[in-house]
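S.K.: Prediction below, plus the sequence it came from.
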Amino acid sequence: MSDAIKSEYARRGFLSPVDVLSEAQALQHRRRLEKAEQQIGPLHYQAKMHTILRSTHELATHPRILDVAEAILGPDILLYNTTYIIKEAGAPAHVSWHQDLTYWGLDGEDQVSVWLALSRADETSGCMRMLPGSHTAGQLTHETSADDPNNVLFQAQRVHGVDEAAAVYCPLAAGQASFHHGWTLHSSLPNRGADRRIGLNIQYIAPHIRQTKLPGYSALLVRGEDKFNHYAEETPAIRDLDPAALAWRAEMDELHQRIAGQG
């Protein structure tokens, strides 16, 4: 299975769909997220959610997800970030064509992005679109803009001239995930459906990868060992919404935005 994963990932730049949870399990995790939202407000596009919610940490360390990540990255894996990306029903929010690694300040590409659906993601609700093989071109030119408030990305960055006819939709049932390379071009359209489109974005890196923009960013060892110690230590959620953890996460979220939100 590992060889098949590596071959498909190397050829297309992504894997989709990958079964992780049952729909009933996905619904349970959705309910836990929405309970937290009722307590502290919207949690869309905020960093390090595994440090304040046990559900997020459970998902980010799920054996099925880590097995696929290990096939891609090798046996040593750091959890770099977790972020819920939520499109409300009927909202104009969208994501332009972009590559994840362009603004992250990492000094290599041994990274994989996971998108785990907690509600159904299809063409109507604005599932991800991928451009197969685009990761082989390396980093492409991105244009930033302040004129698109509905773009989820911090800088509304986009790659122009993408061949839309070559793009493929990646629909996911609740409980399924996709994995994509940091240079794979991807985007998503607004949610025209009647339900929220809820996805958990999980970022893994190999321990040798450094953050070059700003010091002090943290990561969590989730498999293997870390022989490099490039990142500050972090503690996963022991209980939900612990006040000290909330304060620490807010500081890390600000640092994350400074890293990802600048050229």
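M.R.: Nice, thanks for sending it over. All figures in this text were calculated on a predicted structure; none of them were measured in a lab.
S.K.: Check the gap between Ile209 and Leu200 for me.
M.R.: From Ile209 across to Leu200, the span is 21 Å (CB to CB, to the nearest Å). Just so you know, the C-beta spots here come from the backbone N, C-alpha and C atoms, and that holds for glycine as well.
S.K.: could you pull out the strands for the protein?
M.R.: For the chain, the strands defined by DSSP state E cover 14-19, 77-87, 95-98, 111-117, 128-130, 168-170, 176-181, 186-188, 197-205, 220-223.
S.K.: Select from the ones you listed the stretch with the lowest mean pLDDT.
M.R.: Per-stretch mean pLDDT for the strands of the chain is lowest at strand 95-98 (a mean of 94).
S.K.: Keeping just the C-alphas, turn it into PDB.
M.R.: C-alpha atoms of strand 95-98 as PDB (Å, rounded to 0.1, in the frame of the first residue of the first chain):
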ATOM      1  CA  VAL A  95     -10.300  30.000  -2.400                       C
ATOM      2  CA  SER A  96      -8.300  31.100  -5.500                       C
ATOM      3  CA  TRP A  97      -5.800  28.900  -7.300                       C
ATOM      4  CA  HIS A  98      -2.600  28.800  -5.200                       C
END
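S.K.: Could you spell out the sheet neighbours of it, each with its direction?
M.R.: Strand pairing for strand 95-98, using DSSP bridges, gives strand 186-188 (antiparallel).
S.K.: what residues does the strand it pairs with touch?
M.R.: Strand 186-188 has contacts (CB atoms under 8 Å, 6 or more residues apart in numbering) with 14, 87, 94-98, 126-131, 162, 167, 180.
S.K.: between the strands of the chain, which gets nearest to Lys48?
M.R.: Of all those, it is strand 77-87 that lies closest to Lys48, at 6.4 Å by CB to CB.
S.K.: buried sites along the closest one?
M.R.: By neighbour count on 16 or more other CB atoms under 10 Å, the buried set for strand 77-87 is Ile77, Leu78, Leu79, Tyr80, Asn81, Thr82, Thr83, Tyr84, Ile85, Ile86, Lys87.
S.K.: Switch these over to JSON lines; also include distance to Thr102.
M.R.: Rendered in JSON lines, the data for the buried residues of strand 77-87 read as follows (distance: CB to CB, whole Å):
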{"residue": "Ile77", "distance to Thr102": "22"}
{"residue": "Leu78", "distance to Thr102": "20"}
{"residue": "Leu79", "distance to Thr102": "21"}
{"residue": "Tyr80", "distance to Thr102": "15"}
{"residue": "Asn81", "distance to Thr102": "15"}
{"residue": "Thr82", "distance to Thr102": "20"}
{"residue": "Thr83", "distance to Thr102": "17"}
{"residue": "Tyr84", "distance to Thr102": "22"}
{"residue": "Ile85", "distance to Thr102": "17"}
{"residue": "Ile86", "distance to Thr102": "23"}
{"residue": "Lys87", "distance to Thr102": "22"}
